[in-house]
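Peer 1: prediction below, plus the sequence it came from.
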Amino acid sequence: MATLLLDDGTIESDLDEIVRELAPLGIHLKHYDPGTSLLFPHLIEQDTITESEKRYILELHNSVFEFLQQENGYLWCDLLNVHPGSPHLETLIATYNRYHTHTATEPIYVLAGEMIFGFVTPDGKQIQLLIESQDYLVIPAGVEHWCSPNATLNFKAIRYFTTAEGWLPNYTGTQLSDSMNKPR
Ligand SMILES: CSCCC(=O)/C(O)=C/O
Ligand SMILES: [Fe+2]
Ligand code: NI
């Protein structure tokens, strides 16, 4: 289940409260737990997944989540797998852990593991959202965010795309706030 860290150090774990905090940014967050992870438990627990295993997971996932593609007009999706042995892991982390926007919506459904997203609220405060398996997050085009795996470096998620080129980061230069790391 998702967890939200507010600028003043408050930690929210109530989904309705987190949804309320994210609403001014137009960010959508749901927790869909249709049991799809039971369709391929052994696959999402292993670090590496072969291309044919990815296709198998995507096929089963899409058979249950077809409504997401129909409701939102997603054109295609892929399975992102991050694990401690991922090639070019440092590059992937450095690519996305700086504030950026996309010209397209960034929808993501978490299959396993955790990922942290950072956002700037309309009043300029910075918040951090931890998403976990069965969380579905949709970041609207143009909304500033960064993202990074947590210390486990494990994350498997379905990424949906509404454009052919996918999510190209446009960096904004906003500095990550260190207010959360200051002693209280
Ligand atoms: C968590 S998805 C992988 C990183 C990415 O594509 C992105 O845009 C994060 O904001
Ligand atoms: Fe992004
Ligand atoms: Ni659940």
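Peer 2: Looks like it arrived, so ask away. Ligands and ions are numbered 1, 2, ... in the order given.
Peer 1: hey, let's count contacts and neighbours off CA atoms from now on
Peer 2: Noted.
Peer 1: in this protein, what secondary structure element scores lowest on mean pLDDT?
Peer 2: The helix or strand of the chain with the lowest confidence, counting by mean pLDDT, DSSP states H and E, is helix 41-45 at a mean of 89.
Peer 1: pull the residues that contact it.
Peer 2: Helix 41-45 is contacted by residues 37, 49, 53, 111-112, 156 when judged by CA atoms under 8 Å, 6 or more residues apart in numbering.
Peer 1: quick check: residues of the chain near ligand 1?
Peer 2: 96, 146-147, 167 (CA under 6 Å from any ligand atom).
Peer 1: mind putting the residues you listed into a markdown table with pLDDT?
Peer 2: Putting those into a markdown table (pLDDT from 0 to 100) gives the following:
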| residue | pLDDT |
| --- | --- |
| Tyr96 | 95 |
| Trp146 | 98 |
| Cys147 | 97 |
| Trp167 | 89 |
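Peer 1: which one of those is nearest to Ser177?
Peer 2: Within the residues of the chain next to ligand 1, the smallest distance to Ser177 is 11.8 Å, found for Trp146 (CA to CA).
Peer 1: how is that closest one assigned, secondary-structure-wise?
Peer 2: At Trp146, secondary structure determined by DSSP: H, G, I helix; E, B strand; the rest coil is strand.
Peer 1: all set now, cheers.
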